[in-house]
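Novice: with the sequence up front, the predicted model follows.
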Amino acid sequence: MSSLNVFFAGVGGQGIITGASIIARASIAAGLNAVMSEVHGMAQRGGSVVCELRLGDVHSPMIPDGEADLIIGFEPVEAVRSLSKANHGTVIITEVRPIIPVSVSLGGAPYPAVDDVLAYLRSQVAAVYAVPAAAMAEEIGLPQAANVILLGAAMGTGLIPLELETIRQTLARTVPAKALDANLRALQTGFDASRESP
Amino acid sequence: MKYQALVDGRAGDHELLLGNEAAVRGALEAGIGVAASYPGTPSSEIGDVFSVVAKASGVYFEYSANEKVALEVAAASAASGVRSFTFMKHVGLNVASDSFMTTAYVGTRAGLVVLSADDPSTHSSQNEQDNRYYARLANVPMLEPASPQETKDYMMEACTISEKLELPVLFRTTTRVAHMRGDVVFGDRRPVVRKSIFEKDPARFVPVPANSSRMHLKLLGRLAEARQLSETSSLNHVVEVGSGGKAGIVTAGGAFNYIVDALNELGVSARVFKMGLSYPLPLDRIREFSQEVEELLVIEELEPLMENDIKADFLSHGTKTPVLGKEELLVPRVHELSVDVVARALARHFGLSVHEPSSGRAQPWSSPLPSRPPVLCPGCPHRGSYLAVRRAIRELRIPEPVFASDIGCYTLGMAAPFSAADYLLSMGSSVGTAGGFDVATDQKVFSFIGDSTFFHAGLSALASAVHNKHRLVLTVLDNRTTAMTGHQPNPSMLTDAVGDPAPAISIEAVARSMGVPFVKVINPYRVAEATEAYKEAAHVDGVAVIVCKQVCSLLLDRAKRAKGIWQTFQVDSSVCTGCLTCVNEVACPAIFVSEGKAVINQELCDGCGVCSQVCPVHAIGVKR
């Protein structure tokens, strides 16, 4: 069984499914099987959400524990929460900007310092790319394209067996024409952010 | 048009589709003419897609007031010769079950497909009941796809079987099949038959006692035919994993995927008998299959249904091959399966150790992480409603009020600080259960129901409450949509499922016409006014209905952004005393605490202004 397992973790409404679908679609266009599992419904209301993507010769759309090759965290604590899917060889890409859950304000467990989160992730997996995707997206003038920046960063790691051009072509078929240029810039920005070792 | 490919796609085309999207393409390929549903996750996206494609593909689609009505629309349409499709979440079939049971008696002329999307592990449901029981209860055949491709393909199969047997077919998916995305290769579209003629046949379609006893006998005859179909169907077939496997595994639906991956992971060869037409089971073929293997493992999600059928059959035929199921393999009877769960069970059975990642597993974060359960969105009007109720209760010093909740986003009011859900059963239960609390206690009862849920199952319960003089304050959280499942329309709205103009039914007018003595419509964004309304309602000796009318903030935000109207609120830190009333009473995801004072996250704030109305020192205002 050879497959590449990509685990996406974030908060409802961050465009996680869209990001994962672009890789899946590009993969199928390139002749590589892709299956995904998504969370819809109640959890989307600001709750933790995950999306699982598997490329290659597999049936189950869900990634077994400890078997993620790549984890894309759309929020630092959600990246940590997904460690049950990681092994010491996993690569993690994570957004650095926290989204503080209401539970913290209401006296629940405190939100850990982001530096501590990154240090812990680095102690557990092979490589961690900390990507300020939200800030980068704002800089490009397309704040909703943070997911595409993270997608670019995923491609930059070289783990996903697809050409960046295939992703570009898929984006062209997926996003509205007027937003395509900004999305392509976002993709490249993310790609450049993770091309070199962290 | 989004989903254009589902309408125009030709045989051989392929698309990356969600299971639920694939169901629609399957329905179009099967020439379904009528589709009806009530939204419910994990089936909701089927309706979302029909809303977009129905007109372009010549299909009639409606959101009915509830699943029972949806099934009745589909059943009568199929009895008239039009292939029909109704789909719902698993508990929706409970609502539809009264009519569903009898559709098996009266049968159908054109294909009638009843899709039930089950939710093992209760990702978005109140229970994880196993609806495969319904096939057995109603004596109808059942199909269980394992992937988006099969979901599409089985729709045509379902119509064919339904017409051959003149029976409805139960089409059972689960969350992980409905919400699995994968490559789907299209087939040809059969022309849609949208209209036909209903040919009367009362002896067949009117199950008065004299007819129904005969119908039951006929049904059992058809079930025997279904069994023969199952024995020969290509949907039930053996998949060789590895080579020379001595163990046989029987499975159906999404569990098949976990089994194949788990076997590959463990490096174990086995012969997997995959059931696509899983009721009635092809027991003759399973018996023959058992002769070719040393043992038969039955691996299924939730209840041991196939296992029990097979064990009983083997016992009565004296078949000696050992059958191992839930108890023997320690496969849990609760929650969904996964590659991990199946691999552990198989490893235990074959005396192997489970596969470990070569580099070792990462260790979890040692201290508790901040929890992130789903919450009411920033600007959610329900927040204002719950805040007002809580304030009214506090001001009137009502001891131990009971909150009877219902199914919708507003169930999230269960969390602190509102703690506004004490009891919940099902759609519409807030109204009926309020009556029970009223007659059995002296506690004041506050019920909460959404606009869509009100029309789904609240109407008859409200009539009952008024007539039986129950005392309750019923809040109808009228956010002008069916929010939880993805913003589908409901009977209080001016447009229907396909976007055409439709008569809107006024909730307050309905309540008044039922003789509710106190009916008030309020805007939950106006906290003081809403609180006063609740104080007044709490004194009513009977049913009081408060309609909290304010559009869902997700829809309002979309409209405001489109029009370029956007404002947010901010805290003036020089005025804020750090009392945190806003945090503790409003609990908005946009408000957080920094250095002892409240701060509003400008990215999340949607400008509803509720927090500014509770600040005792007026430190919160519109950001200039």
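Specialist: Yep, it's here. Numbers count the residues shown, from 1 in each chain, chains lettered A, B, ... in the order given.
Novice: would you map the strands across the stretch 1-150 of chain B?
Specialist: Taking DSSP state E, counting those that start in this stretch as the test, the strands found in the stretch 1-150 of chain B are B:14-18, B:34-37, B:60-63, B:84-89, B:112-118, B:142-143.
Novice: need the pLDDT of the residue of chain A positioned farthest from its centre.
Specialist: Distance to the chain centre peaks in chain A at A:Gly107, reaching 29.3 Å (criterion: C-alpha atoms, centre = their mean). As predicted, A:Gly107 sits at a pLDDT of 83.
Novice: now it, what's its secondary structure?
Specialist: Following DSSP: H, G, I helix; E, B strand; the rest coil, the label given to A:Gly107 is coil.
Novice: now do it against A:Glu196, distance only.
Specialist: Using C-beta to C-beta, to the nearest Å, A:Gly107 is found at 42 Å from A:Glu196. Backbone N, C-alpha and C define where each C-beta goes, glycine included.
Novice: wait, B:Ile299 sits on B:Gly248?
Specialist: No: counting by C-beta atoms under 8 Å, B:Ile299 stays clear of B:Gly248, with 11.0 Å between them.
Novice: which one of the strands of the stretch 1-150 of chain B lies nearest to chain A?
Specialist: When these are compared for distance to chain A using C-beta to the nearest C-beta, the nearest one is strand B:14-18, at 4.9 Å.
Novice: strands paired with that closest one, and their directions?
Specialist: As defined by DSSP bridges, the strand partners of strand B:14-18 come to strand B:180-185 (antiparallel).
Novice: which one's the longest helix in chain B?
Specialist: For chain B, the helix with the greatest residue count under DSSP state H is helix B:209-232.
Novice: which residues in chain A form strands?
Specialist: A:3-11, A:34-37, A:48-56, A:70-73, A:91-95, A:127-131 (DSSP state E).
Novice: count the neighbours of B:Ala388 for me.
Specialist: Using other C-beta atoms under 10 Å in any protein chain shown, B:Ala388 is surrounded by 26 other residues.
Novice: name the helices or strands packed onto whichever strand or helix holds it?
Specialist: Secondary structure from DSSP states H and E places B:Ala388 in helix B:381-396. Packing partners of helix B:381-396 (3 or more C-beta pairs under 8 Å, 6 or more residues apart in numbering or on different chains; DSSP states H and E): strand B:445-450, strand B:472-478, helix B:527-538, strand B:543-549, helix B:581-586, helix B:610-614.
Novice: now the fifth one: buried residues?
Specialist: Put plainly, it is helix B:581-586. For helix B:581-586, burial by neighbour count (16 or more other C-beta atoms under 10 Å in any protein chain shown) applies to B:582-583, B:585-586.
Novice: wait, which of those is closest to chain A?
Specialist: Closest to chain A, out of all of these and judged by C-beta to the nearest C-beta, is B:Val583, at 5.0 Å.
Novice: any idea how far chain B is from the residue sitting nearest the centre point of chain A?
Specialist: Nearest to the geometric centre of chain A sits A:Ile72, at 3.0 Å (C-alpha atoms, centre = their mean). As defined by C-beta to the nearest C-beta, to the nearest Å, A:Ile72 lies at a distance of 15 Å from chain B.
Novice: and that residue, bridged to which residues?
Specialist: On the basis of DSSP bridges, A:Ile72 is bridged to A:Phe8, A:Ile93.
Novice: I'd say it and A:Ala9 touch.
Specialist: Yes: applying C-beta under 8 Å as the test, A:Ile72 and A:Ala9 come out as touching, 7.4 Å apart.
Novice: can you list the low-confidence ranges for chain A?
Specialist: Across chain A, the ranges flagged by pLDDT under 70 are A:1, A:41-45.
Novice: now swap in the stretch 401-550 of chain B and tell me
Specialist: Using pLDDT under 70, nothing in the stretch 401-550 of chain B is flagged.
Novice: what does it have sitting close to chain A?
Specialist: Counting by C-beta under 8 Å from any C-beta of the partner chain, the stretch 401-550 of chain B comes close to chain A at B:409, B:412, B:416-417, B:484-486.
Novice: name the nearest of those relative to B:Lys55.
Specialist: In terms of C-beta to C-beta, no member of these lies closer to B:Lys55 than B:Gly486, at 19.3 Å.
Novice: hmm, the closest one is touching B:Asp48, no?
Specialist: Yes: the pair B:Gly486 / B:Asp48 is scored as a contact, 5.9 Å apart, by C-beta under 8 Å.
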